[in-house]
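Engineer: output the structure for:
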Amino acid sequence: MSSQYGCIAFTDDVRRVQKNYGSAGFYARMASQGHNNAQVDPLEAREVSFLERRDGFYLSTVSQTGWPYVQFRGGPPGFVSVLDEHTIAWPEYRGNLQHVSTGNPAGSDRVAIVAVDYPNRRRLKLFGTARVVRAEDDPTLISSLRSPGYDAVVEAGIVVAVTAFDWNCPQHIPRRFTKDQVEKLIAPLRERIHALESQIADSATLALE
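Structural biologist: Residues are numbered from 1 along each chain as shown. Predicted coordinates for the structure are as follows:
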């Protein structure tokens, strides 16, 4: 847990509930680290590697009505870029043209992100502030966010200054695998089956001779 995470997440309402369940003291010590240290902790190698391998994550923005809006953001593995130790970015691909996730930051730039590695049951949560970058405003950035071979229209990029992050516990994360991951796992089995089928066919041929 980064030092600023508790300052953001553990509000008075949250602390009252923590007190009821006996965890207030434990988390108060973590939150005090952030109050005593105004610096934002950097993303380190573990976080960078995790984010850059993802093929999707969940993004929460806040609308002018105060309602949170959660949307899935996906792309090829590596579509999330870590620009520096405090900044991440990704391309905004053309979708259903509602533009809720790209419109909300104009009023409130606060966002939350949950990135999950389902096969390994790992989860990283981030708080940050977002800005939307149009292609005409920074063509170099938008070009750097494109994934070679991925046929999708990039309408903009979202750049997030990461304020805090925390690794979540693996409890209750279901293990899910992509088609490519499953194919890789069963490829040796397919090869073994093919070899056995060939042996059976050869044995049958010899028996008929």
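Engineer: if I've got this straight, V132 is in a strand?
Structural biologist: Yes - checked against DSSP: H, G, I helix; E, B strand; the rest coil, V132 lies within a strand.
Engineer: counting neighbours, what do you get for it?
Structural biologist: 19 (other C-beta atoms under 10 Å). Every C-beta, even on glycine, is put in place using the N, C-alpha and C of the backbone.
Engineer: list the contacts of it.
Structural biologist: Counting by C-beta atoms under 8 Å, 6 or more residues apart in numbering, V132 makes contact with E92, T102, P105, A106, A156, G157, I158.
Engineer: how close does it sit to W67?
Structural biologist: Using C-beta to C-beta, to the nearest Å, one obtains 19 Å as the distance from V132 to W67.
Engineer: buried set for the longest strand along the chain?
Structural biologist: The residue-count maximum for a strand in the chain (DSSP state E) belongs to strand 154-168. In terms of neighbour count (16 or more other C-beta atoms under 10 Å), strand 154-168 has its buried residues at 154-166.
Engineer: nearest to I8 among those?
Structural biologist: Distance to I8 across these (C-beta to C-beta) is lowest for A164, with 5.5 Å.
Engineer: what's opposite the closest one in the beta bridge?
Structural biologist: Listed by DSSP bridges, the beta-bridge partners for A164 are F127.
Engineer: so it sits against L124, correct?
Structural biologist: No - assessed by C-beta atoms under 8 Å, A164 is found out of contact with L124, at 11.4 Å.
Engineer: report the contact partners of A164.
Structural biologist: So A164 contacts 2-5, 7-9, 34, 40-41, 126-128 (C-beta under 8 Å, 6+ apart).
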